[in-house]
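> dropping a prediction and its sequence here:
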Amino acid sequence: MLCSPNYGNSIINIISSIRRFYRFAYLYPTIEKLDAALDKNYSNVVLVFIDGMGSDILRKNVKNGDFLKTHKVSDITSVFPSGGVPALCSILSGVAPNEHGNLGRLLFFKEFGVTYDMYTKKMWKTDIPVNIGAEKTLAFEDIFADFSLSGKNRPTRRTDTFVLSDDILHTSTTQILCKTFDDICRKLSDISRSAADTFSLVYWTGTANTIRSGGTASEELYRELSGVSYNLQNLCKSLKDTLVIITSTGGFIDSETVDLMDYPAICDCFYMNPILESRAASFFIKPDRLENFTYNFSEAFGKDFLLYPKSEAVRLFGAYRPHFKTDDFIGDFIAAATGRISLRYGSKHRPAKAFTGGITEEEMLIPLIICSTEKAVEYEALI
């Protein structure tokens with residue numbers, strides 16, 4: 001089944017609910033079930049993103065009755081594309097990819113004539129590091145910046161922390177690197193037991209790495225998610241006055257990789273190399289080859305991709321005012337994956353059994369899991 005991003009019920013709306021609770025400004029709607037939990041005014045809020053744990057993966061790899069399933073309250077969607085760069089930037093900024101401009105892993109900066117890998121910080125198809133100021137160009141104000149400016153809204157003894165498994169990007173708060181999920185839970189326990197009101201955001205990439213290497217239903221993934229569920233259950237049992245919110249950046253689908261270089265009739269239409277993601281590709285086409293491209297691409301991949309012209313594709317990335325680079329990154333067509341094919345274009349093949357970024361339910365639907373711990377004080381509504 002296909003599933004487009006729902007920017008009224010997505011990871012962005014979780015951030016809107018968090019912003020609402022802390023009395024920060026927000027643009028997108030909030031999630032009512034999450035608002036109701038937050039309005040009980042817990043001293044500590046913990047928001048955990050388990051990269052790759054889509055609703056389908058949760059269903060297939062976690063037993064009925066386990067913590068993650070018993071505390072699931074609904075399904076929401078990721079953003080488009082649901083890859084790590086767009087999703088993480090939407091989590092931190094609280095806005096859609098259209099607005100923060102980080103539309104995918106591979107982005108072409110026309111002012112330098114360079115296709116840049118936002119993960120490796122290198123030029124596409126090379127191992128050459130390059131500094132073109134991409135991170136500065138696509139910088140945004142993250143949610144932690146609001147905490148530093150809003151002492152009048154919440155107690156001044158509040159602290160905020162970003163706990164993550166990889167040194168991914170700079171944020172405007174304390175970053176704590178944890179290499180195992182056990183370490184993350186121990187750190188969260190320490191933070192929530194402090195004297196201060198706290199907000200902690202966790203980004204765990206270990207699950208996504210396991211899915212890439214072994215697929216969406218491996219024994220290793222089952223063991224990992226069982227361990228994640230067990231650790232979170234024990235963490236919540238040990239905490240008081242803490243609301244724990246658990247979700248994901250996006251799901252994965254088992255997929256086969258195809259090299260576009262094997263389709264010369266398609267490649268001959270390219271004005272430049274495709275960018276963004278392997279399951280959400282942006283194509284720039286020679287003006288006199290538009291019809292040839294649509295015909296040849298549909299013949300080869302029509303069963304596995306929907307091809308959107310630019311005028312229709314923009315809505316996939318969100319609404320409101322676009323980043324000034326967004327238009328540069330959306331080519332003449334966006335190919336959104338609907339089947340089990342992922343695309344590459346002559347670059348080195350990174351062995352993987354599963355990918356993300358398309359518009360299938362497996363990739364787009366993610367769980368919203370909420371666990372309330374024992375209140376330390378009588379519930380008082382925020383005024």
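All right, it came through fine.

> please enumerate the helices of the stretch 201-350 of the chain.
206-214, 219-238, 264-267, 290-301, 310-313, 326-329 (DSSP state H, counting those that start in this stretch).

> the fourth one: how far from the chain's middle?
Right, helix 290-301. Taking C-alpha atoms, centre = their mean, to the nearest Å, one finds helix 290-301 lying 30 Å from the centre of the chain it belongs to.

> just the first one next, same as before
Chain-centre distance of helix 206-214: 15 Å, with C-alpha atoms, centre = their mean.

> ok so, going back, of all the helices of the stretch 201-350 of the chain, which one is nearest residue 357?
Each of the helices of the stretch 201-350 of the chain has some distance to residue 357 by C-beta to C-beta; the shortest is helix 206-214, at 12.1 Å. Any C-beta I mention is one placed from the backbone N, CA and C, and that applies to glycine too.

> check which residues of the closest one are buried.
206-208, 210-212, 214 (16 or more other C-beta atoms under 10 Å).

> how about these in TSV, adding distance to residue 61 and pLDDT?
Shown next, in TSV, are the buried residues of helix 206-214 (distance: C-beta to C-beta, whole Å; pLDDT from 0 to 100):
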residue	distance to residue 61	pLDDT
206	14	93
207	10	95
208	13	94
210	10	96
211	9	97
212	15	95
214	11	96
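
> any low-confidence regions in this structure?
Along the chain, the model assigns pLDDT under 70 to residues 149-158, 166-172, 195, 348-349, 376-383.

> quick check: domain ranges of it?
As assigned by automatic domain parsing, the chain contains the domains 11-102+138-251+361-372, 256-351.

> distance between the ends of the longest one?
So the one you mean is domain 11-102+138-251+361-372. 19 Å (C-alpha to C-alpha, to the nearest Å).

> what do you get for stretch 126-144?
Using C-alpha to C-alpha, one end of stretch 126-144 lies 34 Å from the other.

> go on, stretch 243-252?
Stretch 243-252: ends 27 Å apart by C-alpha to C-alpha.

> what's the answer for stretch 7-16, then?
11 Å.

> need the residues that contact the host helix or strand of residue 135.
According to DSSP states H and E, residue 135 maps onto helix 134-137. Helix 134-137 has contacts (C-beta atoms under 8 Å, 6 or more residues apart in numbering) with 101, 107, 109, 116, 118, 169, 325.

> list the contacts of the last one.
Contacts were defined as C-beta under 8 Å, 6+ apart; by that measure residue 325 touches 101, 107, 137-138.

> just send the domains of the chain back as a markdown table, with distance to residue 127 too.
Converted to a markdown table, the domains of the chain look like this (distance: least, C-beta to C-beta, whole Å):
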| stretch | distance to residue 127 |
| --- | --- |
| domain 11-102+138-251+361-372 | 19 |
| domain 256-351 | 10 |
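
> of these, flag the one that's most buried.
Most buried of the domains of the chain, by mean neighbour count (mean count of other C-beta atoms under 10 Å): domain 11-102+138-251+361-372, with a mean of 20.

> show the subsequent helix or strand relative to the helix holding residue 135.
In the C-terminal direction, the helix or strand that comes right after helix 134-137 (DSSP H and E) is helix 143-148.

> helices or strands next to the next helix-or-strand element following that next one in the packing?
Downstream of helix 143-148, the first helix or strand assigned by DSSP H and E is strand 159-164. Contacts defined by 3 or more C-beta pairs under 8 Å, 6 or more residues apart in numbering; DSSP states H and E place strand 159-164 against helix 143-148, strand 174-177, helix 181-192, strand 198-204.

> residue nearest the centroid of the chain?
The residue lying closest to the centre of the chain (C-alpha atoms, centre = their mean) is residue 87, at 2.5 Å.

> grab the nearest non-local neighbour of it.
Distances taken as C-beta to C-beta, 6 or more residues apart in numbering put residue 249 closest to residue 87, at 3.8 Å, once the chain neighbours are dropped.

> on that earlier part again, turn the helices of the stretch 201-350 of the chain into CSV, columns for distance to residue 361.
Shown next, in CSV, are these (distance: least, C-beta to C-beta, whole Å):
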stretch, distance to residue 361
helix 206-214, 16
helix 219-238, 18
helix 264-267, 27
helix 290-301, 20
helix 310-313, 20
helix 326-329, 26
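
> from the geometric centre of the chain, which residue sits farthest away?
For the chain, the largest distance from the centre (C-alpha atoms, centre = their mean) belongs to residue 288, which lies 36.3 Å off.

> from residue 268, how far off is it?
Shown here: residue 288 relative to residue 268, a distance of 11 Å by C-beta to C-beta, to the nearest Å.

> do the same with residue 85
Using C-beta to C-beta, we find residue 85 at a distance of 29 Å from residue 268.

> that older thread, tell me which residues in the helix holding residue 135 are buried?
In terms of neighbour count (16+ other C-beta under 10 Å), helix 134-137 has its buried residues at residue 134.

> I'd guessed residue 78 sits against residue 280; true?
No - in this structure residue 78 lies outside contact range of residue 280 using C-beta atoms under 8 Å: 11.3 Å.

> noted, bye for now.
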